[in-house]
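>>> Take a look and give me a structure for this.
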Amino acid sequence: MTQDELKTLVGQAALQYVTPDTVVGVGTGSTVDKFIDALAASGMRIAGAVSSSVRSTERMKALGIPVLDASEVESLQVYIDGADEIDRQGHMVKGGGAALTREKIVADLAKTFVCIADESKLVDVLGAFPVPVEVIPMAAAQIARRFRAMGAEPVLRKDCVTDNSCHILDVKGLRITDPAAFEAEVSQWPGVVTVGVFARNKAGVCLLGTAQGVRTMTF
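Numbering: from 1, shown residues only. Down below sits the predicted model:
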C-alpha cells in the first residue's frame, strides 16, 4: 500500500470521531486533505469547522463545508490533524506545514485530539524530524543561538512566512526525552510564538495507517 493510500485510509477512518451537527476542528497537511475530502464525500451534515490554516479553509469552502472563526466557538468535541512525528505516549512534533501556532490554538479548544498519520510517523523518541519553532523575525538569530548552545542545529526555513507573518526555525539534532518540559521551556523564550512539540495538547487517539489497515492507539 502506498503512503498516499495509507493517508486516504486514515482520513476516512477519522470520520467515526465526527458527530453530526457539531463543529469539528480541522488541521493542516496532506493527510488532513484526505479527511476533508472524506468528510465532504460522506454527506455528513456538520454545524461547521474551525480551521487551522488558510490552506484547509480554502479546501473546505471549495467543497461546501462551512468554516467558522475560532472566536465563534467555546469548545470543540474533536480536533483532527496529522503529525510529523508521534511517540507512544501521544506527544507529537508538528509544524512541517508551518501552521503550528493555529494548530495549537484549535487543539486547545478541543476535548479530544485525533491524530491521523501513517506508520512512518511513529517514533520512540521525538526529534529525528527537525522541530519547527515559529518565531518573531527580530528574535530569530537570538533564538537560534540558544538552540546552538544546547547542541542543536537551527535552520531558518527559506521563503517561509507563516499565516501570522512570522518565520520558522527548523531545529535539527534534538532528542526530546521529556516533551512536556521541552515545550514549557522553549515556549518561555522571548520571541518564540510556538514550539512544534505538542505535549500539553497531545493526542488522545492516533489512527495509524499500516499495511495491515488502520491501527488505533489511545493515550
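>>> And the strands in the chain?
Using DSSP state E, the strands of the chain run over 23-26, 48-51, 67-68, 76-81, 85-86, 92-93, 110-118, 131-135, 153-156, 167-172, 192-195, 197-198, 205-210, 213-218.
>>> Measure how far the longest helix anywhere in the chain is from the centre of its chain, please.
For the chain, the helix with the greatest residue count under DSSP state H is helix 30-42. Relative to its chain's centre, helix 30-42 lies at 15 Å (CA atoms, centre = their mean, to the nearest Å).
>>> heads up, I number from 15, so please use that
Shifting the count to begin at 15 puts that one at helix 44-56.
>>> Against which helices or strands is it packed?
The contact analysis (3 or more CB pairs under 8 Å, 6 or more residues apart in numbering; DSSP states H and E) places helix 44-56 against helix 17-27, strand 37-40, helix 68-76, strand 90-95, strand 124-132. The way it works is simple: take the backbone N, C-alpha and C, and place the C-beta from them, glycine included.
>>> how much space is there between the spatially closest residue to I79 that is not a sequence neighbour and T126?
Excluding its sequence neighbours, the residue lying closest to I79 (CB to CB, 6 or more residues apart in numbering) is A63, at 5.6 Å. A63 sits 15 Å away from T126, taking CB to CB, to the nearest Å as the criterion.
>>> Equivalent analysis for V64, please.
Distance, V64 to T126, using CB to CB: 14 Å.
>>> so where's the chain shaky on pLDDT?
Along the chain, the model assigns pLDDT under 70 to no residue.
>>> Check it for me, the residue farthest from its geometric middle.
Within the chain, A163 marks the point farthest from the mean C-alpha position, 27.2 Å out by CA atoms, centre = their mean.
>>> buried set for the longest helix of the chain?
The neighbour-count check on helix 44-56 (16 or more other CB atoms under 10 Å) flags T45, V46, D47, K48, F49, I50, A52, L53 as buried.
>>> do the same with stretch 206-218
By neighbour count on 16+ other CB under 10 Å, the buried set for stretch 206-218 is V206, V207, T208, V209, G210, V211, F212, A213, N215, K216, A217, G218.
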